[in-house]
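1. mind folding the following:
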Amino acid sequence: MFFDLSLRVDPENPHALREHLSTALVLGYAKVATDTRVNPGDRQLHRDLTNGLAAVPAGVMDDVAEEARAHGVRPCLSRLTRLTVRFGEPGELQDILAKHDELVRRYDLLALEPTSERAFVSACNNKRVDIVTLPLGIRMPFRLRAPTLKAAAANGVALEVSYNAALMDTAARRNFFANAAALVRAVGSGAGGGVGAQTSSFAGTG
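-> Model (predicted):
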């Protein structure tokens, strides 16, 4: 059974949403999470958080079901809602969680994308978070230390690896494999937890 826990779509583009969901069904995915991504400085933060919780339009789901049947696939797909917060300072995250607590708690999954050492340590020690996402295709802005990863494992936090960089340019591919090796070394030295996979549109893990 396969799951896509980071399906990034434009809520204002139902055609793209329909295409993504149809492809997920045809490829055999049983569950997807539509991903709403926000930053602390977003001016329309409350609107984006609200839109991310909206139901998939009935017309879109009807088209998806029809497409699935045309490919001989049973039209059965569960949808989760995911919120990904990209932040550099722990205070920025706490501000979002405090000001928009009710909306945030309505999401099925809370993912954090830290962009600094302080943010990474904070994310791995946050008992409220489900996923910490690691963009390994860039020069990492923090070190993947075993004690920090061990804290994530103790808190039941999954690590999500963005592997699409390995399919792109040479520099991104080099960064990806170097960072992936560092992650394996850190996990092997005593840290646990799960490592998922993510691309810009589909992330299959089984």
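2. just the strands in this structure please.
-> 2-8, 29-38, 78-87, 109-114, 131-134, 158-162, 195-198, 204-205 (DSSP state E).
3. which residues does residue 108 contact?
-> 33, 80, 81, 82 (Cβ atoms under 8 Å, 6 or more residues apart in numbering). The C-beta positions use only the backbone N, C-alpha and C, and glycine is treated the same way.
4. surely the second one meets residue 109?
-> Yes - here residue 80 reaches residue 109: they are 6.1 Å apart, a contact under Cβ atoms under 8 Å.
5. shared neighbours of the two, which are they?
-> 5, 33.
6. where do the helices sit along the protein?
-> Ranges of helices within the chain are 14-26, 45-51, 58-70, 90-99, 101-105, 117-124, 146-154, 170-188, based on DSSP state H.
7. tabulate those in a markdown table, adding columns for mean neighbour count.
-> A markdown table is the format used below for these (neighbours: other Cβ atoms under 10 Å):
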| stretch | mean neighbour count |
| --- | --- |
| helix 14-26 | 19 |
| helix 45-51 | 15 |
| helix 58-70 | 15 |
| helix 90-99 | 15 |
| helix 101-105 | 13 |
| helix 117-124 | 21 |
| helix 146-154 | 18 |
| helix 170-188 | 15 |
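8. can you put these in CSV and add mean pLDDT and distance to residue 138?
-> Shown next, in CSV, are the helices of the chain (pLDDT from 0 to 100; distance: least, Cβ to Cβ, whole Å):
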stretch, mean pLDDT, distance to residue 138
helix 14-26, 85, 25
helix 45-51, 94, 24
helix 58-70, 85, 34
helix 90-99, 95, 20
helix 101-105, 97, 27
helix 117-124, 96, 14
helix 146-154, 90, 18
helix 170-188, 85, 6
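9. distance to residue 5 added to those, as a markdown table?
-> A markdown table is the format used below for these (distance: least, Cβ to Cβ, whole Å):
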| stretch | distance to residue 5 |
| --- | --- |
| helix 14-26 | 11 |
| helix 45-51 | 18 |
| helix 58-70 | 18 |
| helix 90-99 | 20 |
| helix 101-105 | 17 |
| helix 117-124 | 17 |
| helix 146-154 | 16 |
| helix 170-188 | 18 |
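10. you'd agree residue 16 is up against residue 10?
-> Yes - look at residue 16 against residue 10 with Cβ under 8 Å: they come within range, at 5.7 Å.
11. just to revisit the earlier point, residue 135 is nearest to which of the helices of the chain?
-> helix 170-188 (8.8 Å; Cβ to Cβ).
12. and stretch 162-172, how far from the chain's centre?
-> Taking Cα atoms, centre = their mean, to the nearest Å, the mean C-alpha location of stretch 162-172 is offset from the chain mean by 17 Å.
13. what of stretch 26-41?
-> 7 Å.
14. buried stuff in that stretch?
-> 29, 32, 33, 34, 35, 36, 37, 38, 39 (16 or more other Cβ atoms under 10 Å).
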